[in-house]
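J.: this one's structure only:
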């Protein structure tokens, strides 16, 4: 009888990072339990992309879990706070010019797209599902390099969560599980993440980045001006690749 | 101008413990933001009690937050696993006999009413709301003495959560907040909690304990046989008080 595959719960938003983290878990031999949190994002393009990414990889299970974070608010992603956008004059068409003039969004201040305690809430739900499915490994696409403004993407935070998780749960206390939080992208640049994803078969046309899409002719299009769109464009440029989502 | 009152987020289930913890926070001068999680409990008697307890104390705000834990399952409180009950022969009518013969539920094994990672999920949501409301203090009715089977009620777990919380959030990282998890009941017996509540004006007739109520004639009644009903009865007996919920 072949050895039973180890299970992993992977947090999947439908963006490049979480999709790549899920593919990395898969490439390491884990059986994938993908968890997508429907937290009242202002648009559901992301959720649809997450569904398609999970389906394409052939995950064991994909759970879409509703959590009413909109009631809590406090973020441009869950309330009526405006998502900041670059002014048009900065929207340079030439890639070389784009790379030299557009900086990575300022990492010394935490952006308004920060969702209070988001990764803590998401990892808690992943931990609960890990306990139920008997997975011990949890993957998250957290990354510090390009966007170190989010406190809950830092290694010291993830370590503290892991310690807490191993005190929180029945399975850990009974020595039936030792939970591990994997953040394989933590120190990769966006370009490295994009290249790694391409190597592992991520279909980038199925990933979503925009914080503030435009709904036109019955479908969502990225705004191209929010920080997330800009990071994506910069990443593809630096990776020397064409973004298939843009090519469509 | 009078000094601004400090705010506290208090987790409120509508049971004796969380209601007493909320009253303790109030007696310490905090302005109360009560947070009740609607996590797909098998019945909503608890939620209605939480609403009435919050209203009675005159909290600043009461937030009822839906979280789809039913989709995760893994507990008698969120799925179809049966809540264990004492057999009828143990349902002794004489209080003295009851106290001597009925033991506190076995604390060496974790009961099936354990909800995977529940306190971690609840505290995460409380942390998010604390960040938004600018509270730094979070109250939880966790208790180890009567029911030490739950791993996420132990002081070492709560300490680990507090450490993690202070790395997780924008407000903490920017030194605008230092989060503190308060578990004022942690080492109290059920009888002590009941007496303390009575001192502070808790109306115990508005609190709910039963895990498995009976729906009869248009309203819920406690089953009297689940561990939670038994602990409640034992607590009132030891406190030398009559349970007003039973007297009705």
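T.: In hand now; what should we look at? Since this is a predicted model, take the numbers as computed values, not measurements. Residues are numbered from 1 along each chain as shown, chains lettered A, B, ... in the order given.
J.: and the longest strand along chain A, how far from the chain's centre?
T.: Ordering each strand of chain A by length in residues (DSSP state E) puts strand A:31-38 first. Centre-to-centre, strand A:31-38 and its host chain are 11 Å apart (CA atoms, centre = their mean, to the nearest Å).
J.: Mind giving me the packing neighbours of it?
T.: In terms of contacts (3 or more CB pairs under 8 Å, 6 or more residues apart in numbering or on different chains; DSSP states H and E), strand A:31-38 is packed against strand A:7-11, helix A:16-27, helix A:45-57, strand A:61-66, helix A:118-133. C-betas here are computed from N, CA, C, even on glycine.
J.: of all those, which lies closest to residue A:207?
T.: helix A:16-27 (4.7 Å; CB to CB).
J.: I'd like to know which of the helices and strands packed on strand A:31-38 is closest to residue B:244.
T.: helix A:118-133 (34.9 Å).
J.: Mind listing what's buried along the closest one?
T.: A:118-133 (16 or more other CB atoms under 10 Å in any protein chain shown).
J.: again, but for stretch A:17-27
T.: Those buried within stretch A:17-27 under the rule 16+ other CB under 10 Å are A:17-26.
J.: ok, and of these, which contact chain B?
T.: Here nothing survives when the buried residues of stretch A:17-27 are matched to chain B using CB under 8 Å from any CB of the partner chain.
J.: Columns pLDDT on top of the residues you listed, output as TSV?
T.: Output for the buried residues of stretch A:17-27, formatted as TSV (pLDDT from 0 to 100):
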residue	pLDDT
A:17	95
A:18	96
A:19	97
A:20	98
A:21	98
A:22	98
A:23	98
A:24	98
A:25	98
A:26	98
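J.: Pipe these into CSV and attach distance to residue A:36 per row.
T.: Putting these into CSV (distance: CB to CB, whole Å) gives the following:
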residue, distance to residue A:36
A:17, 14
A:18, 9
A:19, 11
A:20, 15
A:21, 13
A:22, 11
A:23, 15
A:24, 17
A:25, 15
A:26, 16
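J.: How about stretch A:154-164 and chain B, any contact?
T.: Yes - in terms of CB under 8 Å from any CB, part of stretch A:154-164 sits within range of chain B, namely A:154, A:156-157, A:160-161, A:163-164.
J.: Lowest-confidence entry in the residues you listed?
T.: Ranked by pLDDT, these bottom out at residue A:154 (92).
J.: since we're on that residue, how many residues are nearby?
T.: When counting by other CB atoms under 10 Å in any protein chain shown, one arrives at 19 neighbours for residue A:154.
J.: and the residue lying closest to it once chain neighbours are set aside, helix, strand or coil?
T.: Counting by CB to CB, 6 or more residues apart in numbering or on different chains, residue A:144 is the residue found nearest to residue A:154 once chain neighbours are left out, at 5.8 Å. Put simply, residue A:144 is coil when judged by DSSP: H, G, I helix; E, B strand; the rest coil.
J.: and residue A:144, what pLDDT?
T.: Listed pLDDT for residue A:144 reads 86.
J.: List the contacts of it.
T.: A:153-155, A:186-187 (CB atoms under 8 Å, 6 or more residues apart in numbering or on different chains).
J.: orientation of the longest strand of chain A relative to helix A:16-27 in degrees?
T.: Interaxial angle, strand A:31-38 versus helix A:16-27 (axes from the mean of the first three to the mean of the last three CA atoms, to 10 degrees): 160 degrees.
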